[in-house]
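Colleague: sequence-free structure coming up:
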């Protein structure tokens, strides 16, 4: 690579002078309507124009002022996304609305089942977006969808990048080449989970050796867990891989992200979530998160334990709402149990971050929480009357539940 | 800490049943107008109602449809921020608008100089927000403003959290106690730069020893540089600290964030920015960033070198715009020189991420770029005619500039 200042000079002088001061400005919303209202008459012709269609299958907006303004806000977010996607050069991406009251038929034809969701429809597949309806989060998710479902690790430096990924579930397989039928099965499985789960492959024996992978073997990494599970029974069919992943897709510790928040929230364990709030950029939060990771490493075999880590920095607009709903102070780390349905919650007594609980104390607390949750669930299922003397509180709890 | 499942049971059963399914829902925009139009008549009485006032001192909106809709979009972002801040329990925070054409007088009285900016006005100070006008980014910045300007490191575990902060400029001082006059000078200096620069202090001799800090000594850490500078001449006055920081506030490598993007962009070096795009969550991007950090470590003494790292993931709405403006593919790492004013740019020839440049190649390229930039600037200042034979390109460049 040879570089001379002459090259710099020539390019600095001849570049597009017309782009004055534009480099860092956010594209202002230009007011042009790009979002299509899809209905039985137009949906085929509209969708033919695009490589990828982003469809918001929404409930029919209510007539109150609040409902109307809320829907306008959502439409505006989609218009901004559509404007940005309009500039995207690799693919033609369109954005459309389907009203669940007026055009259910269209949704059904497109295979969209649940309303109040966004779907990204490509040639091959329909991917549901179950995150917040904000232009930036949605657009970033679409970029991820457009990327190749399997990323190839070519060398030891890229391997470091792979190792640095800890927030997502990831898989890595070692195959002979792109043409291997076993790689094809792996890539087909990747498509089923893309972009929520990250798939990597290598064709390089050195990289495979560093990963301790045998040919056609695939390792499965839980989020935040250093040591992978070797998926048994290589070589695998697509079906076997899909089954294994489905059986292991709820990690011991996972992070809530704006792009998957509703999906994760729906995936509760028996109606409850164990939630830990920790701000990674804060020194207390960093320490607490470090301990949570140790707890996860220690308890990765426990199928009943799944801790949801929320970094308040990722959800600034929800922070006051959460502090109010849960009655906690989110300027310090917190861990608690939340009922997914009604937001009832109980929180560990953490002393203002001055004296954070140790890993052992966290594990003891979690054990108590889990055993009481299991007991409550059992009773709730069996619906057996409680013997006297077992405690007023549980009786009240049962009265409440049954 | 003693925990029993009874406690969990009682809280799960008695919590607020009225909060059904509300825990994770984003507060929908309720359509209530909370943003005040501040003018000479009302501004005093409005501002008296709040502990903190967020003021958007905006240019008078144009009359075109595009300008009107753009301003409505900005107002909506502020309304959403105001609604969230309304729920915030620690402080009363208000949001207002000042029109630069109609109410310049009010802005002047409040000490706001530059229009088209947002100011956060507290009892003691006025802090300018020079980031993107989005509800979430703005609200998060306000939370940071409300935090204590100096964070205290109490123990070795918190020290790890401190060490993990690499994206920001940070300072840490060792003082006898909160009451020390030298700590007070440090805290006063912190207020001048809060929340853009992070200030830490410790009163714990063990922590100080681990940091190799003497009493009343302050260390200054450039972003992404492991080893600090010891600020000379302890103990320091507030003025001395401020002066040192102002002389060192442009690091060799720094990250562009949505909350400071316009501020950083204005801080160019002689009209140009050296910009590196690298997606940290991507394996190529991670590798490239790692190399940039090494370049920064090697060249931290060079006052002419300041690389601006942009993670495309932080700016999804700008990605297609940048790809178009700069003519580059941002699915791979890129490094180049951009003129801050007119967005002319030149980019290193990186081979699609397959073969990223080595640290040496990066340094060689940067050296060439810097020397040509320095030469061009010198000529531009001296305005001397170029001798023949020194190259057509530089002559053209000068013709363009002069």
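Modeller: Happy to help now that I have it. These numbers were taken from a predicted model, which means no experiment stands behind them.
Colleague: what are the ranges of the strands in the stretch 201-350 of chain A?
Modeller: Assigned by DSSP state E, counting those that start in this stretch, the stretch 201-350 of chain A shows strands spanning A:218-221, A:229-230, A:253-255, A:272-277, A:307-310, A:334-339, A:345-347.
Colleague: direction included, what does the first one pair up with?
Modeller: Sheet partners assigned to strand A:218-221 using DSSP bridges are listed as strand A:170-174 (antiparallel), strand A:229-230 (antiparallel).
Colleague: most tightly surrounded among these?
Modeller: Highest mean neighbour count of these: strand A:170-174, a mean of 25 (counted as mean count of other C-beta atoms under 10 Å in any protein chain shown). C-beta here means a position set from N, CA and C on the backbone, and glycine is covered the same way.
Colleague: what mean pLDDT does that one get?
Modeller: The average pLDDT within strand A:170-174 is 98.
Colleague: and stretch A:218-228, by the same measure?
Modeller: 97.
Colleague: hmm, who's touching it?
Modeller: Applying C-beta atoms under 8 Å, 6 or more residues apart in numbering or on different chains, the external contacts of stretch A:218-228 come out as A:166-173, A:186, A:211, A:213, A:229-231, A:234, A:236, A:241, A:244-245, A:248, A:251-255, A:293, A:296-297, A:300.
Colleague: what stretches of the stretch 151-300 of chain A score poorly on pLDDT?
Modeller: Within the stretch 151-300 of chain A, no stretch has pLDDT under 70.
Colleague: write out the residues of it neighbouring chain B.
Modeller: With C-beta under 8 Å from any C-beta of the partner chain as the criterion, the stretch 151-300 of chain A comes near chain B at residues A:151, A:153-154, A:157-158, A:160-162, A:164-165, A:200, A:261-262, A:265, A:272, A:281-287, A:290.
Colleague: buried among these? Need that as a selection in ChimeraX.
Modeller: Applying 16 or more other C-beta atoms under 10 Å in any protein chain shown to these, the buried members can be selected in ChimeraX as follows:
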select /A:151,153,154,157,158,161,162,165,200,261,262,265,272,281,282,283,284,285,286,287,290
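Colleague: how close does the closest residue to chain B within the stretch 251-400 of chain A sit to residue A:362?
Modeller: Chain B sits closest to residue A:372 of the stretch 251-400 of chain A, with a gap of 2.4 Å, by C-beta to the nearest C-beta. For residue A:372, the distance to residue A:362 equals 16 Å [C-beta to C-beta, to the nearest Å].
Colleague: confirm residue A:183 sits in a helix?
Modeller: Yes. According to DSSP: H, G, I helix; E, B strand; the rest coil, residue A:183 belongs to a helix.
Colleague: so who does the spatially closest residue to it that is not a sequence neighbour touch?
Modeller: In this structure, residue A:183 finds its nearest non-sequential neighbour in residue A:175, 3.9 Å apart by C-beta to C-beta, 6 or more residues apart in numbering or on different chains. By C-beta under 8 Å, 6+ apart, the residues touching residue A:175 are A:182-183, A:186, A:201-203, A:215-216.
Colleague: same check on residue A:30?
Modeller: Residue A:30 sits next to A:83, B:66, B:69 when contact means C-beta under 8 Å, 6+ apart.
Colleague: so the first one sits right up against residue A:35, yeah?
Modeller: Same thing as residue A:83. No. With contact defined as C-beta atoms under 8 Å, residue A:83 does not reach residue A:35; the gap is 9.7 Å.
Colleague: now list whatever residues contact both of those two.
Modeller: Counting by C-beta under 8 Å, 6+ apart, residue A:83 and residue A:35 have no shared contacts at all.
Colleague: on that earlier part again, buried subset of the contacts of residue A:30?
Modeller: Buried subset of these (neighbour count, 16+ other C-beta under 10 Å): A:83, B:69.
Colleague: looking at the contacts of residue A:30, which are in strands?
Modeller: Applying DSSP state E to the contacts of residue A:30, no entry is found in strands.
Colleague: which one of the contacts of residue A:30 is nearest residue A:330?
Modeller: residue A:83 (34.1 Å; C-beta to C-beta).
Colleague: ok, and the closest non-adjacent residue to residue A:252?
Modeller: Spatial nearest neighbour of residue A:252, chain neighbours left out: residue A:296 (4.3 Å); criterion: C-beta to C-beta, 6+ apart.
Colleague: ok, residue A:125 next?
Modeller: residue A:191 (6.6 Å).
Colleague: element containing that neighbour, please.
Modeller: helix A:181-193 (DSSP states H and E).
Colleague: just the helices in chain A please.
Modeller: A:5-14, A:43-48, A:65-87, A:104-109, A:135-146, A:156-164, A:181-193, A:205-210, A:238-247, A:261-266, A:283-298, A:319-326, A:359-382, A:392-401 (DSSP state H).
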